[in-house]
Structure formats: structure tokens, C-alpha cells
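Peer 1: Mind looking at a prediction? Sequence and model below.
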Amino acid sequence: MPITPATATHSSSNGTADAILLELVDEDGVTIGTAEKLTAHQPPGQLHRAFSVFLFDERGRLLLQQRALGKYHSPGVWSNTCCGHPYPGEAPFAAAARRTFEELGVSPTLLAEAGTVRYNHPDPASGLVEQEYNHLYVGLVQSPLRPDPEEVGDTAYVTSAELEARHAEDPFSAWFMTVLDAARPAIRELTGHSAGW
């Protein structure tokens, strides 16, 4: 990736938040400034731009990732396929595709916008706050995964019923159900209503 003003302060994929800048937004998603990643997540949190990706295989199963234990925020919990933050000035769609490849080693197929959702989720375990204006994307994964172990602890493909059982037993990210519910209309369009999403 070329070094630009937007990427020059980005740390390597080691889960740290040092000097990474996020794009602050207003309630309408209009950019109003930047803040360092960790600062933006300190209580009460600063509203910032984010993205969440939901990828499915040919059988309509959702690809989940377990966040690596070394991540500073929500380590070891299960979440959607990929989530993160665009660099300031980076299009959310481009950021979603970029981070999916960086974390999982695959490029999404038929990646499509699935709306936005705004939420405020404190994370009791870390004490950090997710104040996010989140751009949602759905698509397909059609090649073998090559996860980065510094980002991803494990992966799993799950049906809707399997997700329900797993969600009842395993720890999930604080934002997971909010982003999943917001993306469901686009997920049903992608997978078909028979998949149960």
C-alpha cells in the first residue's frame, strides 16, 4: 500500500491503536474532524466512521471471525466477518475491501452496500465505548481463507440456527447483534429467504 498522509500513521496489523487516526462525523455521517483511535474510544466516546462486512459462502453460511487475543479492543470475542475504520478520506467501501483482505487474505465477491447504522455500545470488559456511524456491506467469499493470526484467532461458517446457538454460549462483540440486525434486509436479498437470515 502506498504511504499517503492518510496511511502514514497507520501501525502494522498488531492490534495496537497508537497514532491511528479515525474520521469523526456528525449524526448525519458528515466528516467533522479526526481523532486518534484510542482517544475516540475512551468514555464517553466520540462518534466516528466505521464499517462492518458480512460475507457468506455458496451455502448461505455467514463467515464469523474470532478476534485475536492480542487485540487491545474486544480480544477473543466472536464477531462479523470483518469490521474496522476507514482512514480519514478513505471511502468506506474501499476500506471494507482492504481490511477484509488484510485480516482474512480474501477479496470479497459481489460486495454491496447494506445501509448504515449508528450506535453507542460501551464494552464492559475493556471500558471502551463504540460510538460509531457504521457503513454495512454484504458479499460472498469464494476462495480459501488465509487469516492473519495477529488479527484473527479463529473463523467459522455458520447457518442462522448455528449462529443462534453459538451466540447463546460464546462471547460476541458488543456491536455484533446491532450491525447484523441492520444488515438483515441486504443479507436476505443476497442469500435468499430460505437461508433463514
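Peer 2: That came through, no problem. Residues are numbered from 1 along each chain as shown.
Peer 1: in the lengthiest strand in the chain, what's buried?
Peer 2: What stands out as the longest strand in the chain, according to DSSP state E, is strand 109-122. Across strand 109-122, burial judged by 16 or more other Cβ atoms under 10 Å covers 111, 114, 116, 117, 118, 119, 121. C-betas here are computed from N, CA, C, even on glycine.
Peer 1: State the distance from the last one to residue 91.
Peer 2: As for residue 121, its distance to residue 91 is 24 Å (criterion: Cβ to Cβ, to the nearest Å).
Peer 1: Now do the contacts for the residue lying closest to residue 197 once chain neighbours are set aside.
Peer 2: Nearest non-adjacent residue to residue 197, counting by Cβ to Cβ, 6 or more residues apart in numbering: residue 187, 4.6 Å away. By Cβ atoms under 8 Å, 6 or more residues apart in numbering, residue 187 lies in contact with 54, 56, 62, 114, 138, 180, 197.
Peer 1: Hmm, residue 183 and the last one touching each other?
Peer 2: No: the pair residue 197 / residue 183 is not scored as a contact, 9.1 Å apart, by Cβ atoms under 8 Å.
Peer 1: Correct me if wrong: residue 136 contacts residue 182.
Peer 2: Yes: the criterion here is Cβ under 8 Å, and residue 136 meets it with residue 182 at 5.9 Å.
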